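take a look and give me a structure for this.
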Amino acid sequence: MQAVLTIGSMLKCSQALPPGASALLGTPTPLLVAGMPVATTMMVTPLVNIMTFGMCNSSTNPMVIAATAAAMGVHTPMPCLPVIPAPWSPASNTTTIAGMPAALKGSTCKCSWGGSISVTQTAGNPHQTT
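Purely as a prediction, here's the structure:
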């Protein structure tokens, strides 16, 4: 079996201000690895699967653009609200859950505001990072 991503793994966004961490959430799936449910590639719904990362620093985020304009051009980070237009990638080519491919430990997804969301710590093994 490929090294799959599990629900509860810690995530980070490249456009979040530190600490910029969040956990991958989802309805537990029937497939378990090290006692943790495996995540599918479709677990990308903002504020359901991927929570806020704190403050967004992206100059392409409309809220940051508006706040920066209101601050007379001084870059102003705003609260993160991820917008994820596509599934986790790459997907497992061998493991599926209810017809959906499993996400892999090395999978990433993109936020519409320019951030790359990646896994920093896998659930079920606090010492393993990707």
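
helices of this protein, residue ranges please.
For the chain, applying DSSP state H gives helices covering 62-70.

beta partners for residue 96?
Note on residue 96: beta-bridge partners residue 101, judged by DSSP bridges.

mind checking pLDDT for it?
In this model, residue 96 is scored at 92, pLDDT.

and it, how far from residue 103?
11 Å (CB to CB, to the nearest Å). Every residue, glycine included, has its C-beta placed from N, CA and C.

more crowded one of these two?
Set residue 96 next to residue 103 and count neighbours by other CB atoms under 10 Å: residue 103 wins out with 31 against 15.

so that one makes contact with residue 40?
Yes: contact criterion CB atoms under 8 Å: residue 103 and residue 40 qualify, at 6.3 Å.

spit out the residues that contact the two alike.
With contacts taken as CB atoms under 8 Å, 6 or more residues apart in numbering, residue 103 and residue 40 have no neighbour in common.

tell me the centre residue of the protein?
Centroid check for the chain by CA atoms, centre = their mean gives residue 117 as the closest residue, at 4.5 Å.

show me the contacts for residue 19.
Listed by CB under 8 Å, 6+ apart, the contact partners of residue 19 are residue 54.

what bridges to the residue nearest to the centre of the chain?
The partner residues for residue 117, given DSSP bridges, come to residue 13, residue 109.

that one and residue 108, how far apart?
6 Å.

where in this protein is the helix or strand with the lowest mean pLDDT?
Least confident helix or strand, the chain: strand 32-33 with a mean of 89, by mean pLDDT, DSSP states H and E.

what about residue 47, distance to residue 30?
Taking CB to CB, one finds residue 47 at 24 Å from residue 30.

scratch that, residue 105
Distance, residue 105 to residue 30, by CB to CB: 19 Å.

ok, those two, which is more surrounded?
The residue with more neighbours, out of residue 105 and residue 30, is residue 105; 19 against 8, by other CB under 10 Å.
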